[in-house]
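Asker: here's a sequence, model it:
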Amino acid sequence: MRNFDLTPLYRASVGFDRMADVMDRALSADIASYPPYNIEKTGENAYRISIAVAGFSADNLTVEVKDGAVIVSGRKAAEDEGRTYLHRGIATRAFERRFTLADHVRVEGASHEDGMLNIDLVREIPEALKPRRIEIAKPAKAVEKLDA
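Answerer: Numbers count the residues shown, from 1 in each chain. A predicted model of the protein is given here:
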């Protein structure tokens, strides 16, 4: 795989550090496939991350927001004592999954049901950034002078 040097972006721009960091991470990150997940849009400004966490209870999972990212991790204590598996297809290995959040996106809540961890996100655009209509001033009508 090719490596891209993003140093010119850092020295030629101001305020785009986060975008350059995201690009750098995307280009250099190993693509992990465990656990599988979905990202869906549930409303105009609402999103949901659903992660398949079969074998994990809510006590074994951690959802944390840190440095503009949602970090989901799962740790499960070994429960294999006394068990002999002929086939072990359900992975319960430890994991950490990171999702970078866009500006003005916050985590609204998380729930664990039927082997799925759902993280609800909402985008709240500040009033200063919302589009607004500007009234165009019209010139005042000329006042007619009356001859006295």
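
Asker: contacts, neighbours, all on C-alpha from now
Answerer: Noted.

Asker: send the alpha carbons of stretch 97-106 over as PDB?
Answerer: Extracted C-alpha coordinates of stretch 97-106, given in PDB (Å, rounded to 0.1, in the frame of the first residue of the first chain):
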ATOM      1  CA  ARG A  97     -13.700   0.100  17.900                       C
ATOM      2  CA  ARG A  98     -13.300   3.800  17.200                       C
ATOM      3  CA  PHE A  99     -15.800   6.000  15.300                       C
ATOM      4  CA  THR A 100     -14.800   9.600  14.600                       C
ATOM      5  CA  LEU A 101     -17.600  12.100  15.100                       C
ATOM      6  CA  ALA A 102     -18.200  15.100  12.900                       C
ATOM      7  CA  ASP A 103     -18.500  18.600  14.400                       C
ATOM      8  CA  HIS A 104     -21.700  19.200  16.400                       C
ATOM      9  CA  VAL A 105     -22.500  15.500  16.700                       C
ATOM     10  CA  ARG A 106     -23.000  14.200  20.200                       C
END
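
Asker: which residues sit against that stretch?
Answerer: 22, 68-73, 121-126 (C-alpha atoms under 8 Å, 6 or more residues apart in numbering).

Asker: those residues in strands, which ones?
Answerer: Within those, residues falling in strands by DSSP state E are Ala69, Val70, Ile71, Val72, Ser73, Leu121, Val122, Arg123.

Asker: and those residues, which are buried?
Answerer: Ala69, Val70, Ile71, Val72, Leu121, Val122, Arg123 (16 or more other C-alpha atoms under 10 Å).

Asker: of those, closest to Tyr34?
Answerer: Val72 (11.8 Å; C-alpha to C-alpha).

Asker: ignoring the adjacent residues along the chain, who's closest to that closest one?
Answerer: Val63 (4.6 Å; C-alpha to C-alpha, 6 or more residues apart in numbering).

Asker: low-confidence ranges, the chain, go.
Answerer: For the chain, the stretches flagged by pLDDT under 70 are 1-32, 80, 141-148.

Asker: what's the domain layout of it?
Answerer: 1-31, 33-126 (automatic domain parsing).

Asker: related to what we said a few turns ago, of all the ones in strands among the contacts of stretch 97-106, which comes closest to Ala137?
Answerer: Closest to Ala137, out of all of those and judged by C-alpha to C-alpha, is Arg123, at 33.8 Å.
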